[in-house]
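# one predicted model, sequence on top.
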Amino acid sequence: MKRQFAAVAILVGATLLVQAQSLAVSKEASQPDAIHSYLQPLAKNHTIAGAVTLVSTRDHTIYLKSTGFRDLSAKDPMPANAMFWIASVSKPMTATALMMLVDEGKVNLDDPVEKYLPEFKGQMVDISQADPAHGAQGRAAAQATPQLVAANHPILVREILSHTSGLPFKSKAQPGALDLLPLKDSVRSFAAEPLTFQPNTNYSYSNEGLNTAARIIEVVSGIPYEQFMQERLFDPLGMKDTTFWPNAEQIRRLAQTYKLDPQTKDLVKVPIDQLTYPLDDRQHRYPMPAGGLFSTAEDVSKFCRMILNGGELNGKRYISRNALQDMTSRQNGGLGESSYGFGWSVSPKGFGHGGAYKNAMEINPSTGRILIFMVQQQGDWGTKEGNTMVSTLQRLADDAVTAHAAVSPVSKLVP
């Protein structure tokens, strides 16, 4: 009798589960698509050529849709699995890889960088570049005669992760493109040049800092940085489309890059000016840890879901909760009127990072929301709506998560 009752209970529970799932799907399908309704006019008026937007909870993707065109002239619609150069969205991934080694006790955040990379010993500071009135860009362009003094302390690992080390944005020894030097050679050029301010006295966004962190990964792990990323992060997370070298099939899915033509006030196609072509050339192109990755919205969401779940996904832990807390809380002391952790921009609403060509990933822990916005646009937006696009999408994504929770009572009905 008990077995019969149990069987009936299971059958009823399964029926309710199916009914609840069907109800949730039908209700969600009937909800107006606020994100697409917002972006479609922006594609039509060429604020953007095309984009892919993804919204996820801690558990799964609840929204994934493309808008506009992958290639405007060819009228090739943007696919949901389009590849994008994610640029500085690479930084949190590189920082996460280094924090894995911190968790393992192989790197200490308070160690001098020179402990791992001896070429950084005896660094100097060019105080002629440290005038706050110049600002970060002005310092880089200043032509003042160098005035070198000794650094007040060796730059620390935590300072290269939080942009407070004084390392410039880019070495003068680097070629125009960011991918033409092996990582070892690039980092040696960083060490050979003076800092732009005394360590931990200012904030200046620096590709050099995250590239130096990646070189520490190589030295400590004993394997190339890109191999570490593949074996420890991308493969385990199932990020099959995340790479420094998109292959021929992935290049066919690559969203074309556009910029605003100041004369015609319309979008024109341009190459990725910070990288070298062909993009699949592994002989002459090298990984750029601070901003060289290509990926898809779905791949980036897998990384973000791991972060949102406290450094763990599908039963595998990648980083500790303590490491995650360090990464996603303010570590730069508010210097430069900014708020930056270790590889992440942080705000009262959460944390995230943008890329040079306007793509963005944003995580809101309080609502359990992930937003991935993929677009390839160089320079200024063509309309005033562009400047508020990401903040508007954040709000719409939060609304989507709230609506999803309201029409998904499945968990309450499972016996």
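Received, thanks.
# sketch out the low-pLDDT regions of the stretch 1-150 of the chain for me.
1-32, 130-144 (pLDDT under 70).
# all strands for it, in order.
50-56, 61-71, 76-77, 84-85, 124-126, 148-150 (DSSP state E, counting those that start in this stretch).
# could you do the stretch 201-350 of the chain as well?
Under DSSP E, counting those that start in this stretch, the stretch 201-350 of the chain gives strands at 257-260, 267-270, 294-295, 312-313, 316-317, 345-347, 350-354.
# for T57, which of those is the nearest?
strand 312-313 (12.9 Å; Cβ to Cβ). For every residue, glycine as well, the C-beta is placed using N, CA and C.
# what is the mean pLDDT for that closest one?
What strand 312-313 shows for mean pLDDT is 97.
# got the contact list for it?
Residues outside strand 312-313 that contact it (Cβ atoms under 8 Å, 6 or more residues apart in numbering) are L237, K302, R305, M306, Y318.
# partners of it in the sheet?
strand 316-317 (antiparallel) (DSSP bridges).
# coming back round to it: just put the strands of the stretch 1-150 of the chain in CSV and tack on distance to D273 and mean neighbour count.
Formatted as CSV, the strands of the stretch 1-150 of the chain follow (distance: least, Cβ to Cβ, whole Å; neighbours: other Cβ atoms under 10 Å):
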stretch, distance to D273, mean neighbour count
strand 50-56, 20, 26
strand 61-71, 18, 19
strand 76-77, 22, 14
strand 84-85, 11, 27
strand 124-126, 27, 19
strand 148-150, 32, 12
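# and of those, who's closest to V268?
strand 61-71 (12.6 Å).
# the residue found closest to N364 once you drop the neighbours it is linked to in the chain: what's it in contact with?
Spatial nearest neighbour of N364, chain neighbours left out: G350 (4.2 Å); criterion: Cβ to Cβ, 6 or more residues apart in numbering. Taking Cβ under 8 Å, 6+ apart as the criterion, G350 is in contact with E362, I363, N364, P365, S366.
# mind redoing it with 7 Å?
E362, I363, N364, P365 (Cβ atoms under 7 Å, 6 or more residues apart in numbering).
# can you name the residues bridging to it?
Applying DSSP bridges, one finds that G350 bridges with S347.
# distance of it from N200?
Noted for G350: a distance of 25 Å to N200, by Cβ to Cβ, to the nearest Å.
# and for D235?
In terms of Cβ to Cβ, D235 sits 36 Å off from N200.
# more neighbours: those two, which one.
N200 (19 against 12; other Cβ atoms under 10 Å).
# nearest spatial neighbour of the more buried one, chain-adjacent residues omitted?
Nearest to N200 is T164, by Cβ to Cβ, 6+ apart, at 5.0 Å.
# surely that neighbour touches T196?
No: assessed by Cβ atoms under 7 Å, T164 is found out of contact with T196, at 11.3 Å.
# neighbours of the closest residue in space to G343 that isn't next to it in sequence, how many?
Excluding its sequence neighbours, the residue lying closest to G343 (Cβ to Cβ, 6+ apart) is A95, at 2.5 Å. A95 has 27 neighbouring residues, counting by other Cβ under 10 Å.
# which residues are in contact with A95?
A95 neighbours (Cβ under 7 Å, 6+ apart): L161, L210, A213, M327, F342, G343.
# just the closest of those to K384, please.
G343 (31.1 Å).
# in CSV: the contacts of A95, plus neighbour count and distance to N247.
CSV is the format used below for the contacts of A95 (neighbours: other Cβ atoms under 10 Å; distance: Cβ to Cβ, whole Å):
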residue, neighbour count, distance to N247
L161, 29, 31
L210, 27, 25
A213, 28, 27
M327, 25, 31
F342, 29, 31
G343, 28, 27
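# closest to F294 among those residues?
Nearest member of the contacts of A95 to F294, counting by Cβ to Cβ, is L210, at 17.0 Å.
# ok, that closest one touching P92?
No: between L210 and P92 there is no contact under Cβ under 7 Å: 9.4 Å.
# on that earlier part again, can you tell me the element the residue nearest to N200 falls in?
Here T164, judged by DSSP states H and E, is contained in no helix and no strand.
# what's the offset of the helix or strand encompassing L396 from the middle of its chain?
In this structure, L396 sits in helix 389-406 according to DSSP H and E. Relative to the chain's own centre, helix 389-406 is displaced by 20 Å; criterion: Cα atoms, centre = their mean, to the nearest Å.
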